[in-house]
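Enquirer: I'd like to go over a predicted model; first the sequence, then the structure.
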Amino acid sequence: MYLKPPQPLDFFFFQLVGCADKFRRMASSFLNGLKRSAFGLAMALGLGLSCLAGEQLNFVVIFTDDQGYGDMSCNGHPTIHTPHLDRMAYQGQKWTQFYSSAPVCTSSRAALMTGRLPVRSGMASSKRVVLFPDSAGGLPQSEITVAEVLKGAGYKTAMVGKWHMGHLPKHLPITQGFDSYYGIPYSNDMDRDPSVKGNWVTTGKSSPWSVYRVPLLRDAEEIERPVNQSTITRRYTQQAVKFIKNNKENPFFLYLAHSMPHIPLYRSKKFEGKSLNGIYGDVISEIDWSVGQVLNTLRKQKLDKKTIVLFTSDNGPWDVFKTHGGSAGLLRGAKGGTREGGMREPAIFWGPGNVKPGVVQEMGSTLDVLPTFASLAGAKAPDDRVIDGHDLSDVLLNRGKSPRKVMFYFGGAQLSAVRSGNYKAQFRGENGINPKPLAKPELYHLGEDPSEKYDLAAKHPEIVARLANLGEKLQASVKPVPDQLVPRIGK
Ligand SMILES: [Ca+2]
């Protein structure tokens, strides 16, 4: 279902400016018509895009770590304040049923990069949760990332932030389609100094950042260790802004993956004590500031009308850390689980003049990013392998409904739940990487019961059977591949 956005005064102003700009561009476009390439004209007419014909759209993905569905004020959080995300949401499309493809970091990121369920690339495992600093594996070179797809279409590409798809040189972003990399290659709570006792769990405070001896890499070179994490959100933002400014003359793809709000939580001085929500809210405030910096840079560089920005998170909130973890709002469950709170994410697409503003209540997924960006860029998505993503451009450009009708939920490498339309059947336990089959499957109507409270399995066994059948067909399509999460360095 498509809903019109809320319309405060500055939204009307935005629309007026947008109309005037559109008229100017139409006139300019007409006068320059003879100069256009036939391809550019066909693209502009065919896609209904607002950017000048023949120009390629830029793409930015802002990805947060462990931010819950409820952790934005525009998703109803009462004590977290996110003015930049809220503005992004009413200028863009806020999706209320947008999923990551896994409830944990490594698998979720592999799906975002490849458009494929992580079990297809060996990036989901029933033996290890995620990649660790002693892991030898990573995203196989045989996989084709969205960065490689766009690079093939002439894009400059950069990754800033948390990678977590292999930290050895052969697995880093610069081997997977990114021209440059700046960031912490895995989670910010790793490489913990074992001699330091006490931590955020027992004290309710973050340990000094020097306790976590994580590296900061530029391309493949270590430039800082341990990383001063209190400035990391700001430094990632500076790198992102610099990349945008340096690439205003050519199409670009920027993947900005914040290390926060994954624990341990750190923020710069300016954001200390800023939020009613405590340190977690402070951290989200700094990320929100960062979103504002990116969008304002695009506006100032006059790139906003030819850029699509997606903001979303990799998995649900890590609720075991209490006030240092976020909130999934009214959704059930959290990080690591296959209830909605583990995998349904805050999600906003923004692209003034291109993305139709509103609230989208249809399904979408990070799996859909590769096919959608490839389609909008006029680039070729891989056709020699199974792609689990769908092209969402019809929804973004207000031409049609979401092609995503089904969502599969994996706990580790085990298919645990299946959603089709409004119905979701839970077949295995909700937590862990090797969840056991439930004695009886459960069934929920996610429209009427978004919190998964009222089991309808006994009432609708035929729907449970239909969803089980969808799951069996999906599993039959997955070919066994080496588990990338198991091998250890030197073993
Ligand atoms: Ca995560």
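Expert: Structure received.
Enquirer: next, Phe410: secondary structure please.
Expert: Per DSSP: H, G, I helix; E, B strand; the rest coil, the secondary structure class of Phe410 is strand.
Enquirer: same thing with the one 5 residues further on?
Expert: Leu415 falls in the strand class when you classify it by three-state DSSP.
Enquirer: beta-bridge partners for it, please?
Expert: On the basis of DSSP bridges, Leu415 takes part in beta bridges with Phe410.
Enquirer: low-scoring pLDDT stretches of the stretch 1-150 of the chain, where are they?
Expert: Scanning the stretch 1-150 of the chain for pLDDT under 70 picks out 1-54.
Enquirer: the closest residue to the ion within it: neighbour count?
Expert: Taking C-beta to the ion, the ion has its nearest neighbour within the stretch 1-150 of the chain at Cys105, 3.8 Å off. All C-beta atoms are positioned from the backbone trio N, CA, C, and that covers glycine. For Cys105, the neighbour count with other C-beta atoms under 10 Å is 25.
Enquirer: my read: it touches His164, true?
Expert: Yes - Cys105 is within contact range of His164, at 5.0 Å (criterion: C-beta atoms under 8 Å).
Enquirer: any buried residues in stretch 479-491, and which?
Expert: Residues of stretch 479-491 classed as buried by neighbour count (16 or more other C-beta atoms under 10 Å): 483-485.
Enquirer: contacting residues for the residue of the stretch 1-150 of the chain closest to the ion?
Expert: Shown in contact with Cys105 (C-beta atoms under 8 Å, 6 or more residues apart in numbering): 65, 130, 162, 164, 187, 262, 314-315.
Enquirer: again, but for Ile348
Expert: 85, 88-89, 92-95, 310-312.
Enquirer: part of a strand, is it?
Expert: Yes - under three-state DSSP, Ile348 falls within a strand.
Enquirer: dig out what it forms beta bridges with.
Expert: Lys94, Phe311.
Enquirer: separation between it and Pro140?
Expert: Distance of Ile348 to Pro140, computed by C-beta to C-beta, to the nearest Å: 31 Å.
Enquirer: on that earlier part again, so which of the buried residues of stretch 479-491 reach the ion?
Expert: Among the buried residues of stretch 479-491, no residue lies close to the ion (C-beta under 5 Å from the ion).
Enquirer: for the ion, see how far away Gln361 is.
Expert: Applying C-beta to the ion, to the nearest Å, the value for Gln361 to the ion is 25 Å.
Enquirer: an error on my part: the question was meant for Lys335.
Expert: As judged by C-beta to the ion, Lys335 and the ion stand 6 Å apart.
Enquirer: now that residue: how far from Ser313?
Expert: Relative to Ser313, Lys335 is positioned 10 Å away (C-beta to C-beta).
Enquirer: list residues touching both of the two?
Expert: Asp66.
Enquirer: identify the contacts common to Cys105 and His164.
Expert: Shared contacts of Cys105 and His164 (C-beta under 8 Å, 6+ apart): 130, 187.
Enquirer: for stretch 404-418, the distance to its chain's centre please.
Expert: 17 Å (C-alpha atoms, centre = their mean, to the nearest Å).
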